[in-house]
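In: Fold the following, please.
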Amino acid sequence: MNVAEQMIERMHEVCVEHLAKHLHEAGREAVEKGAVVNKTPGRFLEWSEITEEAREGRRIQARYLFEHFEITEREKPKE
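Out: Below you'll find the model as predicted:
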């Protein structure tokens with residue numbers, strides 16, 4: 001793999017990590033409202049609190065979405 005290909009691969013992994021964190025954050029409201037599969041009571045765990053296995057699960061979901069959809073990040077609305 002040449003340098004350009006390595007840079008593209010690294011950029012892709014940065015995007016995967018970014019989307020994985022957003023996927024995780026998307027579950028916050030569901031957890032807070034109890035709308036979850038695992039009914040164990042508790043609070044929403046932040047990204048830094050979940051296991052590496054759970055983070056990898058989110059990365060797998062992110063890669064799947066990148067492979068099947070065109071995803072672009074929107075600008076945050078001005079408040």
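In: ok, so what distance separates the residue nearest the centre of the chain from K33?
Out: The residue lying closest to the centre of the chain (Cα atoms, centre = their mean) is A20, at 1.2 Å. Noted for A20: a distance of 22 Å to K33, by Cβ to Cβ, to the nearest Å. (Glycine included, C-beta is placed from N, CA and C.)
In: go on, E53?
Out: For E53 relative to K33 (Cβ to Cβ), the value is 25 Å.
In: Equivalent analysis for K76, please.
Out: From K76 across to K33, the span is 24 Å (Cβ to Cβ).
In: Next: N2.
Out: Distance, N2 to K33, using Cβ to Cβ: 49 Å.
In: Check E25 too.
Out: Noted for E25: a distance of 15 Å to K33, by Cβ to Cβ.
In: next one: S48
Out: To K33, S48 is 23 Å away according to Cβ to Cβ.
In: for this protein, what are the low-confidence residue spans?
Out: Across the chain, the ranges flagged by pLDDT under 70 are 39-41.
In: Many thanks, I have nothing further to ask.
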